[in-house]
Every structure is written in C-alpha cells, then in structure tokens.
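A.B. asks: Sequence first, then the predicted structure:
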Amino acid sequence: MSHVQLVNEIEKETTTINFGPTHPSTHGVFQNVLEVDGERIVSAVPTIGYIHRAFEKLAEHRPFNQITPITDRLNYCSSPINNIGWHLTMEKLLGIETPKRVDYMRVIIMELARISDHLVCNSILGVDTGAFTGFLYVFQEREKIYDIFEEVCGARLTTNIGRIGGFERDFSPRAFLLLDKFLKEFPVCYKEFEALFNRNRIFMDRTIGCGAISAERALNYGFTGPNLRAAGVDYDVRVATPYSSYEDFEFDIPVGLHGDTYDRFMVLGEEIWESIRIIHQALEKIKKEPAGVYYSENAKSIYLPPKNEVYTSMEALIYHFKIIMGEVDAPAGEIYNCVEGANGELGFYLISDGGRQPYRLHFRRPSFIYYQAYPEMVKGGLISDAVVTMSSLNVIAGELDA
Amino acid sequence: MAELTNQYILDKLIAKFGSAILSHEEQYGMLSVTADKDSNIEILRFLWEESDLEFQFMTDLCGVHYPDADLQLVVVYHLHSLVKNVRFRLKFGLPIDNPTIRTATAVYETANWMERETYDFFGVIFEGHPNLCRILNIDSMEVFPLRKEYPLEDPNRIDKKDHFFGR
C-alpha cells in the first residue's frame, strides 16, 4: 500500500478535549468540552454550575436586609453595584425617595466599582495575550479603589456597602482624600496601560476579528452592557432608565463596530474614562448638597435608627430590634428593577407577598445570559482565540452560577 | 414618534388575541399580562413583528411556584422594546401535573439557557427545546428545588422553628 493510499484511507477525526474546569486560563470554574480539528474549534459545549449556591432559594428564606450579602457574591468584581442595585429595588418597592446627596454618593461608589471591574477584565485579557506587566500596573490602582471601599464600609471585596435607604455612615474626610488621590493618580497609570496595549501590534493581531458577534445576533442572545455596545448597540441602562439620579450627569456611551475582542477591550477602556468623568461631576455636585445627609429620612421602617437614640428612646429601640431581627414587612407587589452592572444589565425580579422575606427573587444575571453565545463565538477559531474571547467577555463565575 | 403606552399595548393584545388574554395589571409602571399558555409563541411573535411594538429583546425568563393556585407554575417573560424603551411582563400559568409550554428559542436565542434554568428549578417542560437538561444542578438530581415544597435545609432541625422567634 502506497503512502498516498494510506493517507486517503485514514478517516479524518476530530479530537475532544476538556478545557477546564481548573485550567488556569479560564479564570474560574468554567468547563468547555471542545471538539477540535487540529487547532480549530469545531464545537464547544459549556458546562456550568460548579459554584451554584442556590441564591434564589436562600433569598426566599431571608429578610430583605440580609439579602445584600448574597448579592455581593454574584459579580464579586463589582459587588457595590449589586448591593446598591438591590437597595434600589427595595426602595422602589417600599416607595422610599432618597436625597440627591445619597444618590451621588452611590454613583461615586458604583462608578468606582465599574472601573475596578473593567480593570480586571482588561488587564486579564492582557495576561492572556502575553503581557503580564500591565496587569501588575493597574492592580496597584485597583487596590486604591478597594482602600476607598474599605474606608466607606469596612470591607474590600464582598462589600455589603450601604443599606436600604442610604449608607450606614457618611463618607469620612479620609474617604474624600483617598478619592482625590485616586482621581489624580489613576489617569496617569491607565494612560500608560493604554499606551502599552491600544496600538500594540501583537495585541491587535491577537484580538482583532477574534470572537466577533454581530449586533443582531448579540441582541437575539440577550447581550447587554459593554459586550452589546462593542457590537454597536448603544443600550445602557443608566441612560435608558436612569436610576440613582444618573440623569443629572453628562457622559457618553462608547460603542464598537465589530463586536470582537478588540472592540470589547476598547469599549471597556473608554467606559473607564467616562466613569472618571462621572465621578468628577458627582464630587462637584456633592459639594452643593447639604453636608452630612447620607440616608433617607422616610426609610424609618427599614433603616436602623442612630445608635445614641437606640440607647435613649423606646421607639428607636423597638425599630432597631425589629429591623435586626428582620421583622419588617414589605408591601405586596411585583417589581422588576435593573441597574447597569459592570458586565451588563443586572436585574432583580422581586415578588413580595407582604411578608418579611421575598416570595420569589430572581436575579437577571448578565453573564449567565450572554455566556450561552460562547460556542457560537469561538466556533472556527483557534484554541488560543477561545481563551482570549472568554476573558474579554468578562464572564464571572459567581454571577454565572448564582 | 408617539410614546408607547401600556394601555396601547394592552388594547393591541386584546384586539388580536381576545379571550387568550386572561388578566392584566400594572404595578410600578410596568404592564403585566397573563395569557393562555397555548398561544405563547403567537403572542411573542406578534409582539416582535408588530411595527409599533417591536418587543425584540428578551430581558428575562423565569418561573414562579404558587402552591395554592389552580395553575401552580407560572412562567414569566420580561420583554423590552429597545426602540420605544418600554418594558413589559408576560405570564403563562401551567398546571403542576403537566407543566408544558412551547419553547421560545425559535424567537429568542437567549431563551435557551433561561428555559433550561427554569426546567432545572421548577420542572417546566419546554416543548421543542433543542437541549432541555439541567444546567446549574447536578444531572442526577430528582427534585425541582425552587418549588415551594422543597425545604431550604434539613426539615428535622428543631432549633430553627418559627415559634422560637415569636412568629
């Protein structure tokens, strides 16, 4: 049998490989069963649920205050957005209006969280394309954001920041100092980071045209957030249905053109600059508001009374006890409230039957919804493209698996 | 462009589907319509195609369990008309002994995993779904954990009874 004949007789075979769940380049517990033809991906089947923690069931058994720490653990790269999103949902249900100063404080915290989330995503994308340095640079700055969170609420990663009705305490003078310092130093650092990446030939070759999705497909797949905007759709919850006084701010929505990894990287980068712009405006606006206002006066039924009153007045003591024990009834109602999370529209669908805990709480988790497009996005690409696509999608395991 | 009001959406749906629209309510500014489960795809397609509605974005799909109702399981769709910036909620009730409804994956690709999740937690069977299997829970699980009869933790625990907390 000649060599040519032999080659013709060998049936062409594809290889099946397990990509993850503990592969370092998957950044979390993601498993994909890839069928590859040489180095080309023929199909990908994602398996999820490795860190499912039954949040929706848990939430049905917890008083409203105690659900905030659950939301921390959804997208843990930007917990404050989840926390505040939940608080806003409860405030809408209870009919609590918050003072402008509280709204602006929340905007500052949420935009800081957005920056830190985008920093993680973009710098990890750098690591996956072979540039470790940028990652180390920006993580120093992320540390400063966490210092601000620590000053405001005492925690860094899973923040449990704020309360239903406002914040647990006012921003300290040190928090404002840290903010000023961050706003001064961060742009310098991020400019350097952009100089390393934005027009870097190797980076561009690796990311342009990789993991692309059209606007039409992205909408059909329920994409939201930066991933949708990278495909060219200018949908942003902050503008479409403003919450927490976002209508008072002036900012642009960056959009991409091709929906590929490079566009996602650029959109995230531009959003960081927009966030900086918003924080500057918020700091200016806070100065014009009456100082020392950090919670809503009409949130009395769910916001803890001041500690000195708890020790001196009967009414405050009763409220304190009821709130801590979670014996606060909410009005019956159905509500869908959403905020612009760092990676898309984070929604809370809450059904209250008038009791002390939700009858049903469903989290609309953006990464759960857009990760299902992953097989389509990596099909026909190389395995190395699959890695890059995954990290640029900003899929967070905690949010994916709830 | 005239603003799309909830009343207008409701009128259009009733004019088109008549008795299939069972009830409606408006809470916190969002219209919520309960309809007959046999016409779910027709309603979704109508909402998608009608030029002055254009509900072409499915925000969310989930299930709810009401043990005391006739139709115990409810499938809830949240739709969003991005052009008009209007949100809208659509509900279909299903009996618990035969919880079937046609899949929305033909209209919205995004319904795929959300329907799997709803199946996983409530046991709703989506007819025609390309791959209806569990997604977050382990495949060998035999119960549907978000149904109300499923306890959160060991029901034999005696230290967490309601009467200890004055309830």
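C.D. replies: Nice, I can see it. Numbering: from 1, shown residues only, chains lettered A, B, ... in the order given.
A.B. asks: Chain B contacts on the stretch 251-400 of chain A?
C.D. replies: Listed as neighbours of chain B in the stretch 251-400 of chain A under the rule Cβ under 8 Å from any Cβ of the partner chain: A:325, A:333-336, A:338, A:345, A:347, A:349, A:351, A:359-360, A:362, A:364, A:368-369, A:371-373. Yep, even glycine has a C-beta here, placed from its N, CA and C like the rest.
A.B. asks: The residue of chain A found nearest chain B - nearest residue in space that isn't next to it in sequence?
C.D. replies: Closest approach between chain A and chain B, counting by Cβ to the nearest Cβ: A:G222, at 3.2 Å. Nearest residue to A:G222, sequence neighbours excluded (Cβ to Cβ, 6 or more residues apart in numbering or on different chains): B:T110, at 3.2 Å.
A.B. asks: now swap in A:I383 and tell me
C.D. replies: A:E39 (6.0 Å).
A.B. asks: and what of A:I17?
C.D. replies: A:L34 (5.2 Å).
A.B. asks: ok, now which ones touch that neighbour?
C.D. replies: With contacts defined as Cβ atoms under 8 Å, 6 or more residues apart in numbering or on different chains, the neighbours of A:L34 are A:T16, A:I17, A:N18, A:F19, A:I41, A:S43, A:A44, A:I383, A:A386.
A.B. asks: and if you look at B:F17?
C.D. replies: Residues in contact with B:F17 (Cβ under 8 Å, 6+ apart) are B:A35, B:S39, B:E42, B:I43, B:F46.
A.B. asks: what residues are up against the residue nearest the centre of chain A?
C.D. replies: Nearest residue to the geometric centre of chain A (Cα atoms, centre = their mean): A:A342, 3.3 Å. Applying Cβ under 8 Å, 6+ apart to A:A342 gives the contacts A:N75, A:C77, A:S78, A:I81, A:A113, A:R114, A:D117, A:H118, A:G225, A:P226, A:N394.
A.B. asks: What residues sit buried inside stretch B:54-69?
C.D. replies: B:54-66 (16 or more other Cβ atoms under 10 Å in any protein chain shown).
A.B. asks: ditto for stretch A:300-317
C.D. replies: Under 16+ other Cβ under 10 Å, the buried positions of stretch A:300-317 are A:K300, A:I302, A:Y303, A:L304, A:P305, A:V310, A:A316.
A.B. asks: Please apply the same query to stretch A:283-301.
C.D. replies: Buried residues in stretch A:283-301 (16+ other Cβ under 10 Å): A:L283, A:K285, A:I286, A:V293, A:Y294, A:Y295, A:S296, A:A299, A:K300.
A.B. asks: For these, which two are the farthest from each other?
C.D. replies: Using Cβ to Cβ, those reach their maximum pairwise distance at A:L283 and A:K300, which is 29.0 Å.
A.B. asks: hey, where'd the helices end up in chain B?
C.D. replies: Remark: helices assigned in chain B by DSSP state H are B:6-17, B:40-49, B:111-122.
A.B. asks: how deep is the residue of chain A closest to chain B tucked in, by neighbour count?
C.D. replies: 29 (other Cβ atoms under 10 Å in any protein chain shown).
A.B. asks: Determine the three-state secondary structure at it.
C.D. replies: Here A:G222 is coil, with the state taken from DSSP: H, G, I helix; E, B strand; the rest coil.
A.B. asks: wait, what's in contact with it?
C.D. replies: A:I369, A:Y370, B:F57, B:M58, B:T59, B:Y108, B:E109, B:T110.
A.B. asks: what's the spacing between it and B:P95?
C.D. replies: Separation of A:G222 from B:P95 (Cβ to Cβ, to the nearest Å) stands at 28 Å.
A.B. asks: Buried subset of the residues of the stretch 251-400 of chain A next to chain B, written for PyMOL?
C.D. replies: Of these, the buried ones can be selected in PyMOL as follows, counting by 16+ other Cβ under 10 Å:
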select buried, chain A and resi 333+334+335+336+338+345+347+349+351+359+360+362+364+368+369+371+372+373
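A.B. asks: what stretches of chain B score poorly on pLDDT?
C.D. replies: B:1-2 (pLDDT under 70).
A.B. asks: Around chain A, which positions in it sit nearby?
C.D. replies: With Cβ under 8 Å from any Cβ as the criterion, chain B comes near chain A at residues B:27-28, B:30, B:32, B:56-60, B:62, B:64-65, B:76, B:78, B:82, B:85, B:87, B:89, B:108-110, B:112-114, B:117, B:121, B:134-138, B:145-146, B:150, B:152, B:165.
A.B. asks: Please list only the buried members of the residues you listed.
C.D. replies: Looks like the residues of chain B next to chain A have B:30, B:32, B:56-60, B:62, B:64-65, B:76, B:78, B:82, B:87, B:89, B:108-110, B:112-114, B:117, B:121, B:134-137, B:145-146 buried, using 16+ other Cβ under 10 Å.
A.B. asks: The helix or strand containing A:I272: which residues count as buried?
C.D. replies: Using DSSP states H and E, A:I272 falls within helix A:261-288. By 16+ other Cβ under 10 Å, the buried positions in helix A:261-288 come out as A:261-276, A:278-279, A:281-283, A:285-286.
A.B. asks: same deal with stretch B:120-127?
C.D. replies: B:D120, B:F121, B:F122, B:G123, B:V124, B:F126.
A.B. asks: where along the stretch 151-300 of chain A do the helices fall?
C.D. replies: Ranges of helices in the stretch 151-300 of chain A, per DSSP state H, counting those that start in this stretch, are A:173-197, A:201-207, A:215-220, A:225-230, A:237-240, A:261-288.
A.B. asks: out of those, nearest to A:I48?
C.D. replies: helix A:225-230 (17.2 Å).
A.B. asks: how near is the residue of chain B at minimum distance from chain A to B:T59?
C.D. replies: Chain A sits closest to B:T110 of chain B, with a gap of 3.2 Å, by Cβ to the nearest Cβ. B:T110 sits at a distance of 9 Å from B:T59 (criterion: Cβ to Cβ).
A.B. asks: same check, this time on A:E284
C.D. replies: 34 Å.
A.B. asks: B:V86 now?
C.D. replies: In terms of Cβ to Cβ, B:V86 sits 12 Å off from B:T59.
A.B. asks: Which neighbours do these two have in common?
C.D. replies: B:H80.
A.B. asks: What's opposite the residue nearest to B:K91 when sequence neighbours are not counted in the beta bridge?
C.D. replies: Closest residue in space to B:K91, ignoring its immediate chain neighbours: B:T34 at 4.5 Å, by Cβ to Cβ, 6+ apart. For B:T34, the beta-bridge partners are B:S23, B:K91 (DSSP bridges).
A.B. asks: That's all I had, so thanks and see you.
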